[in-house]
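**Q** Sequence isn't available, so here's the structure alone:
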């Protein structure tokens, strides 16, 4: 049985169009320290598998980061997007089901190659980041096992260092109007992840880890420092937690059969998530500065919500 996921929607009426600024959903993300030129083809193949998996849903447009426009993802648009994704210097992509509204279907990628030494000197912890989004309706329609299998499949060709999959808030546009709702949801439901500005995260994450999620993917160097899958398994005692080895140096931790939002007002504190967070605390990433309309103190409190 799938746990009921809180509905989180903030909309805005623009000339009769209902624009969704904030939406609950699912996020699958991978973080790869390898340079972009080494993984570009694998990233594109993962994107193609994602497109196939979400059918009959389709993408409408992609964001042109150079002009700020959102061209249609027709044959011409796909050719442009593919060419930009496969360039050795860098790959940047943001593709939406609807360019003007959050729907739960979205792909984002930020990656840098080795041909810009000044960039790497300035940002020595830069990391290639991928995010695939799914609507929460897929939990009921396709089931959590389907989502788990897809998450593992999307990362199978990538030399990832870490990753996660679980409930997440999709912020299509962070306006002041939605900040109170974001504060309310993130403080009450710790199981919701929140990624704002993937491009900034890509600059500083390095091999650090983001907070635990329903599925937490661990690779080198952290998994090795934990003693591999067996060493990690010996530190986790929650009956709902499973550690599965995916290769000699990579594993996935599953916190229960399905993702959970938790509810601090009802006393549901997600103890399995907290146990994993305590084990991973020495490697957790700390964001510097403000984030959207959250102050640095609010961001720090949210990042440490399981500790």
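**A** Looks like it came in fine. Not measured: the values here are computed from a predicted model. Residues are numbered from 1 along each chain as shown.

**Q** quick one: which helix or strand includes residue 145?
**A** Assigned by DSSP states H and E, residue 145 falls within helix 144-154.

**Q** How about residues contacting that helix?
**A** With contact meaning C-beta atoms under 8 Å, 6 or more residues apart in numbering, helix 144-154 is reached by 2, 26, 28, 30, 46, 49-50, 53, 130, 132, 134, 138-139, 163, 165, 215, 246, 252, 254, 257-259. C-beta: built from backbone N, CA, C; applies to glycine.

**Q** In it, which residues are buried?
**A** Buried positions in helix 144-154, judged by neighbour count with 16 or more other C-beta atoms under 10 Å: 144, 147-148, 150-152, 154.

**Q** Looking at those residues, which is nearest residue 170?
**A** Nearest to residue 170 among the buried residues of helix 144-154, counting by C-beta to C-beta, is residue 147 at 15.5 Å.

**Q** Could you measure from that closest one over to residue 215?
**A** Residue 147 sits 9 Å away from residue 215, going by C-beta to C-beta, to the nearest Å.

**Q** Then residue 58?
**A** According to C-beta to C-beta, residue 58 and residue 215 sit 26 Å apart.

**Q** more crowded one of the two?
**A** Shown here are residue 58 and residue 215; by other C-beta atoms under 10 Å, residue 215 has more neighbours (21 against 10).

**Q** Return the per-residue confidence for residue 1.
**A** Per-residue confidence (pLDDT) for residue 1: 45.

**Q** likewise residue 109?
**A** pLDDT, residue 109: 95.

**Q** quick one on the thing from earlier: now intersect the contacts of helix 144-154 with the strands, please.
**A** Secondary structure assignment by DSSP state E places 26, 28, 30, 130, 132, 134, 163, 165, 215, 246, 252, 254 of the contacts of helix 144-154 in strands.

**Q** how about these in a markdown table, adding distance to residue 209 and pLDDT?
**A** Output for those, formatted as a markdown table (distance: C-beta to C-beta, whole Å; pLDDT from 0 to 100):
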| residue | distance to residue 209 | pLDDT |
| --- | --- | --- |
| 26 | 19 | 97 |
| 28 | 16 | 97 |
| 30 | 12 | 97 |
| 130 | 16 | 96 |
| 132 | 19 | 97 |
| 134 | 22 | 97 |
| 163 | 10 | 97 |
| 165 | 14 | 98 |
| 215 | 13 | 98 |
| 246 | 16 | 96 |
| 252 | 13 | 98 |
| 254 | 16 | 98 |
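
**Q** now, which of those residues sits nearest residue 64?
**A** Distances from residue 64 to the ones in strands among the contacts of helix 144-154, taken by C-beta to C-beta, are shortest for residue 130, at 19.1 Å.

**Q** quick one: contacts for that closest one?
**A** Neighbour list for residue 130: 29-30, 32, 43, 46, 107-109, 154, 158 [criterion: C-beta under 8 Å, 6+ apart].

**Q** how near is it to residue 55?
**A** Taking C-beta to C-beta, one finds residue 130 at 20 Å from residue 55.

**Q** Check residue 306 too.
**A** Distance from residue 306 to residue 55, by C-beta to C-beta: 35 Å.

**Q** Between the two, point out the one with more neighbours.
**A** residue 306 (22 against 7).

**Q** for that one, helix, strand, or coil?
**A** Following DSSP: H, G, I helix; E, B strand; the rest coil, residue 306 is assigned to coil.
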